[in-house]
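Colleague: Sequence and predicted structure are below.
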Amino acid sequence: MSENLQYIHRSLSTILPHDTERKLVLITGARQTGKTTLAKKAYPHLQYINFDSPEIRLRVKKIATTNWPLDIGTAILDEVQKAPEVFEKIKYCFDEQSINFSLLLGSSQILLLKNIRESLAGRIWIYELWPFMLQELIQMDKNTAKPLFAQLLESDSPLSLLGQQPSVIIDQKDTMNKKAEDYLLQWGGMPALRYSTTSTVAFAGNEFIFSPSKIASTVTIALYTPAF
């Protein structure tokens, strides 16, 4: 990532597991949604391997499964759908407990691959990264705040909360909001997330409501995707 570009905090990063946990993690989503940038920001100390390179695919294919923990180990494996042979290697090493964490990145089509459905079923946690939300664009690299709509739903005194809001957004904040709005109008994006402590996934107004308990359940396939 260029030093001249400012990183935009992604809401998904708040629920990604730590690499000290025993988990296989897959971040999937459409192209150019920021999967690689998010992975490098969330796990800066992990080795990064990009299977876009034919030479890297060939070299990794020749690595013996028993040598995987030493030669690859805990790593970020990007465009992994282009090297389906690595799934069996990861499965074997994870089951043998010679590796405890791997982060896989791939397009949405990766879920259609027979290799991942059979090899990693019941072992992998799946998170889907969507395009920018207005909330993310406005907050930039600051901590993500709850949308006003979510605060109103949770507040015991919504009228008092509304009274605390400025009547007019001015100066720099107005400029940031306008830029974010123009970006979404041109390129599209997703509605804001509202977190819930229940196990319900629902749609309220223009916001998707997700349950952290559902994502962090004992089921080892965790979908982080909007549902109607």
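Modeller: Yep, that arrived.

Colleague: mind listing what's buried in the longest helix anywhere in the chain?
Modeller: Across the chain, the longest stretch assigned as helix under DSSP state H is helix 171-187. The neighbour-count check on helix 171-187 (16 or more other Cβ atoms under 10 Å) flags 180, 184 as buried. All C-beta atoms are positioned from the backbone trio N, CA, C, and that covers glycine.

Colleague: Quick check: mean pLDDT of that helix?
Modeller: Mean pLDDT, computed over helix 171-187, is 72.

Colleague: which other helices and strands contact that helix?
Modeller: The contact analysis (3 or more Cβ pairs under 8 Å, 6 or more residues apart in numbering; DSSP states H and E) places helix 171-187 against helix 134-139.

Colleague: got the CA positions of the following helix or strand past the helix it packs on in CSV?
Modeller: Next along the chain after helix 134-139, taking DSSP states H and E as the criterion, comes helix 148-154. Extracted in CSV, the C-alpha atoms of helix 148-154 (Å, rounded to 0.1, in the frame of the first residue of the first chain):
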residue,chain,number,x,y,z
LEU,A,148,-27.1,7.7,14.5
PHE,A,149,-29.9,5.4,13.5
ALA,A,150,-28.5,2.6,15.7
GLN,A,151,-28.0,5.1,18.6
LEU,A,152,-31.6,6.2,18.3
LEU,A,153,-32.9,2.6,18.4
GLU,A,154,-30.9,1.8,21.5
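
Colleague: List the buried residues in helix 148-154.
Modeller: 150-151, 153.

Colleague: Distance from the chain centre to the longest helix of the chain, please.
Modeller: With Cα atoms, centre = their mean, to the nearest Å as the basis, helix 171-187 stands 23 Å off its chain's centre.

Colleague: Which parts of the protein are strands?
Modeller: Using DSSP state E, the strands of the chain run over residues 23-29, 47-50, 75-78, 101-107, 124-128, 193-195, 202-204, 207-210.

Colleague: Save the ones you listed as CSV, and put in distance to Leu185 too.
Modeller: As requested, these are arranged in CSV below (distance: least, Cβ to Cβ, whole Å):
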stretch, distance to Leu185
strand 23-29, 21
strand 47-50, 32
strand 75-78, 30
strand 101-107, 25
strand 124-128, 23
strand 193-195, 20
strand 202-204, 22
strand 207-210, 19
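
Colleague: In a markdown table, list those strands along with mean neighbour count, mean pLDDT and distance to His9.
Modeller: Output for the strands of the chain, formatted as a markdown table (neighbours: other Cβ atoms under 10 Å; pLDDT from 0 to 100; distance: least, Cβ to Cβ, whole Å):
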| stretch | mean neighbour count | mean pLDDT | distance to His9 |
| --- | --- | --- | --- |
| strand 23-29 | 22 | 92 | 16 |
| strand 47-50 | 15 | 95 | 20 |
| strand 75-78 | 22 | 95 | 19 |
| strand 101-107 | 22 | 92 | 19 |
| strand 124-128 | 20 | 89 | 16 |
| strand 193-195 | 19 | 58 | 13 |
| strand 202-204 | 13 | 42 | 23 |
| strand 207-210 | 20 | 43 | 17 |
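
Colleague: what's the first-to-last distance across stretch 92-107?
Modeller: With Cα to Cα, to the nearest Å as the measure, stretch 92-107 spans 23 Å from end to end.

Colleague: count of neighbours near Pro131?
Modeller: Neighbour count for Pro131, taken as other Cβ atoms under 10 Å: 16.

Colleague: Please read the previous query as pertaining to His9.
Modeller: For His9, the tally of surrounding residues (other Cβ under 10 Å) stands at 17.
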